[in-house]
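>>> From the sequence below, what's the structure:
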Amino acid sequence: MAKIFQVSARAGMTRVVEPIARALLRAGVTPNVVTVAGTVGVLVGALGFGARGHLVAGALIVTLFALTDLLDGTMARMSGGSTRFGAFLDSSMDRVADSAVFGAVAYWLATQGDHSGVAAALLCLAAGGLVSYVKARAEGLGMTCNVGIAERTERLLIVGVGGILTGLHVKPALEIALWLLAAISIFTVGQRMAHVYRQAQQLQPDGQA
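Numbering: from 1, shown residues only. Predicted structure coming up:
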């Protein structure tokens, strides 16, 4: 099934990012530095702005710095490919950033007395972590898991749009976005588990259940 954020859109963004990536590499900036800087930016947007109720500013800052996922990946490709530590660092920083985003959202909703929204934010946090874990575990076992309608980009986009609309006084937008995101994240976990199950069945020796 196609991802929400279509491949053509990703390719278009890559064409925009490539000149920036080349300039940074020429300046001696490494992909790992960009990864860490992007995470710091997301933390500032989420905890410094979003958690304090500045939802539009927080969402825009988080979105801007989340795009470093494309930038550091492009830089790694241009410089000969990602290193093992680079891949590890990128994945780890993604989890830090995601935790900050949904933790900040949950905190702000709690200050507003929105218990349903808090539950949705925490569910998104748990399900999003599981989406990433299922893929990492499958790849650790020698299988592929590049399926699912809601990867990290899609998840941040949905919560970002909800945050901006709520900041513009469309009150239920963030909670609706969170429940939608929770649903598609759980669905994505199911997609990935089914995909891995089919691979495992094909890989195991005949006669084994």
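>>> hmm, who's touching stretch 44-62?
Outside stretch 44-62, the residues that touch it by CB atoms under 8 Å, 6 or more residues apart in numbering are 41-42, 64-65, 97, 100-101, 103-105, 107-108, 111, 156, 159-161, 163-164, 166-168, 174. C-betas here are computed from N, CA, C, even on glycine.
>>> switch to 6 Å and redo it
Residues from elsewhere that reach stretch 44-62, judged by CB atoms under 6 Å, 6 or more residues apart in numbering: 42, 100-101, 104, 107-108, 160, 163-164, 166-167.
>>> Can you tell me the closest non-neighbouring residue to the most centrally placed residue in the chain?
The centroid of the chain falls nearest to Arg152 when counting by CA atoms, centre = their mean (2.4 Å). Among residues not flanking Arg152 along the chain, Asp94 sits closest, at 6.1 Å (CB to CB, 6 or more residues apart in numbering).
>>> now for the helix or strand containing the one you found, which elements pack on it?
Assigned by DSSP states H and E, Asp94 falls within helix 84-111. Helices and strands touching helix 84-111, by 3 or more CB pairs under 6 Å, 6 or more residues apart in numbering; DSSP states H and E, are helix 31-43, helix 115-140.
>>> Would you mind listing the buried residues in the next helix or strand after the longest one?
Scanning forward in sequence from helix 115-140 by DSSP H and E, the next helix or strand is helix 152-167. Of the residues in helix 152-167, those buried under the neighbour-count criterion (16 or more other CB atoms under 10 Å) are 152-160, 162-167.
>>> What of stretch 192-209?
Buried residues in stretch 192-209 (16+ other CB under 10 Å): 192, 195-196, 199.
>>> could those residues go into CSV alongside pLDDT?
Output for the buried residues of stretch 192-209, formatted as CSV (pLDDT from 0 to 100):
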residue, pLDDT
Arg192, 94
His195, 94
Val196, 95
Gln199, 93
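>>> what residue ranges in this structure score low on pLDDT?
By pLDDT under 70, the low-scoring segments of the chain are 1-14, 205-209.
>>> How far away from the center of its chain is the top helix by length along it?
Secondary structure of the chain per DSSP state H: the longest helix is helix 173-203. Relative to the centre of its chain, helix 173-203 is centred 14 Å away, using CA atoms, centre = their mean, to the nearest Å.
>>> Likewise for stretch 101-109?
With CA atoms, centre = their mean, you get 16 Å for stretch 101-109.
>>> same deal with stretch 141-155?
10 Å.
>>> same question, stretch 30-50
Distance, centroid of stretch 30-50 to centroid of chain: 13 Å (CA atoms, centre = their mean).
>>> on that earlier part again, make CSV from the buried residues of stretch 192-209 and add distance to Val17 to it.
Shown next, in CSV, are the buried residues of stretch 192-209 (distance: CB to CB, whole Å):
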residue, distance to Val17
Arg192, 27
His195, 29
Val196, 31
Gln199, 32
